[in-house]
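> Turn this into a structure:
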Amino acid sequence: MELDQPLSREMLDAVRPVPAPGPVPDVDWVDHVEADPIRALESFALGWFPAEETESAEESTAAELGDLPPPLAAFHRLARLRPALHRFHDPVLKQPKRASGPLGDRLVFAVWHGASMDWSIPWPPECASEADPRVWHTADPYAANPETTLEEEPLSRFLLQFTLYEAMNAAPYHARTYCMPTQRLDPLWSMLRSVPLSPFLPTFEAEKFFVAPGLLARVSSDENEAVVTFAALHRGTLTPLLEHGFRWIASWGASSISTEGYSEDPPF
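As a prediction, this is how the structure comes out:
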């Protein structure tokens, strides 16, 4: 059931009041991205995802963590503390899989959209002492001649990229703008902090990550046009974005309806 005319902001607030967000995760973890990306990943995950009953080491994965590169072993240890990391739509695999490809033998540690693409590392390691291996991205891995490219970020930083992307997808509240002139983003820079990582999925949307307390954002832009996606744990964290007057494609959440095609005033 859809409304022919969107509710006014006043009526919407009366029908569905926006609660105060309460305590929200901070963004101090960004300070560690350059020097210690795994520490940054751990700090982000422990703050963003609530603690819950954890599974035992024997049940969490059959992979011997000591045999994995340190960043991947650290990710699996973190997932024992925050099992939500393994409940993403496209999670890092509990059981990495051996495979071969154009660049050689590899260990697949994450897949995408029903294995339409995957990410892997050289396996066995190219250098026994290499602690942070390069990451291969393979499109359509089951094709006769799959295309494999090298990710810009090494494994430790890629795992942070991947987790931020999936955490946004899994968040209960979202908002996405229509394409707009890039200069319209200028007011956001006073509230958003850039995460110093290369653009994620550069051959697709090439999105850069930004954060604010309790808020994650992805920006896909060039010199002329930009699209911004926001994700939050609380609807009240998104509400101040209304002040910027963006035109919204959609917003949705645990307690709200889909608003595909919504225009000036989304119901968050």
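> Next up, the contacts around A84.
49-50, 52, 170 (C-beta atoms under 8 Å, 6 or more residues apart in numbering). Every residue, glycine included, has its C-beta placed from N, CA and C.
> go on, T148?
101-103, 136-139 are the contacts of T148 under C-beta under 8 Å, 6+ apart.
> pLDDT value on it, please?
For T148, the pLDDT comes out at 89.
> roughly how far apart are the closest residue to G104 other than its chain neighbours and A212?
Once flanking residues are discounted, G104 sits nearest to P122: 6.2 Å by C-beta to C-beta, 6 or more residues apart in numbering. Remark: distance between P122 and A212 (C-beta to C-beta, to the nearest Å) = 37 Å.
> quick one: the residue nearest to G104 and D105 touch, right?
Yes - counting by C-beta atoms under 8 Å, D105 is a contact partner of P122 at 7.2 Å.
> Helix, strand or coil: sort out A175 for me.
Secondary structure for A175, judged by DSSP: H, G, I helix; E, B strand; the rest coil, is strand.
> And the pLDDT for it?
So A175 comes in at 93 (pLDDT).
> and the gap between it and I249?
Going from A175 to I249 by C-beta to C-beta gives 9 Å.
> L185 now?
16 Å.
> any weak-confidence spans in this protein?
Applying pLDDT under 70 to the chain flags residues 54-66, 128-129, 250-268.
> Could you find the residue nearest the spatial middle of it?
For the chain, the residue nearest the mean C-alpha position is Y165 (1.3 Å; C-alpha atoms, centre = their mean).
> State the helix or strand in which it lies.
Secondary structure from DSSP states H and E places Y165 in helix 155-170.
> That helix vs strand 173-177, what angle?
Here helix 155-170 runs at an angle of 100 degrees relative to strand 173-177 (axes from the mean of the first three to the mean of the last three C-alpha atoms, to 10 degrees).
> Can you tell me which helices and strands helix 155-170 packs against?
Applying 3 or more C-beta pairs under 8 Å, 6 or more residues apart in numbering; DSSP states H and E, we find helix 155-170 packed against helix 37-48, helix 70-81, strand 117-122, strand 208-212, strand 215-221, strand 225-232.
> Output these in CSV; the columns should cover distance to S190 and mean neighbour count.
Below are the helices and strands packed on helix 155-170 laid out as CSV (distance: least, C-beta to C-beta, whole Å; neighbours: other C-beta atoms under 10 Å):
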stretch, distance to S190, mean neighbour count
helix 37-48, 22, 21
helix 70-81, 32, 19
strand 117-122, 35, 22
strand 208-212, 10, 20
strand 215-221, 13, 22
strand 225-232, 15, 20
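> Need those in TSV (columns: distance to D28).
Listed next are the helices and strands packed on helix 155-170 as TSV, based on distance: least, C-beta to C-beta, whole Å:
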stretch	distance to D28
helix 37-48	7
helix 70-81	17
strand 117-122	28
strand 208-212	10
strand 215-221	14
strand 225-232	18
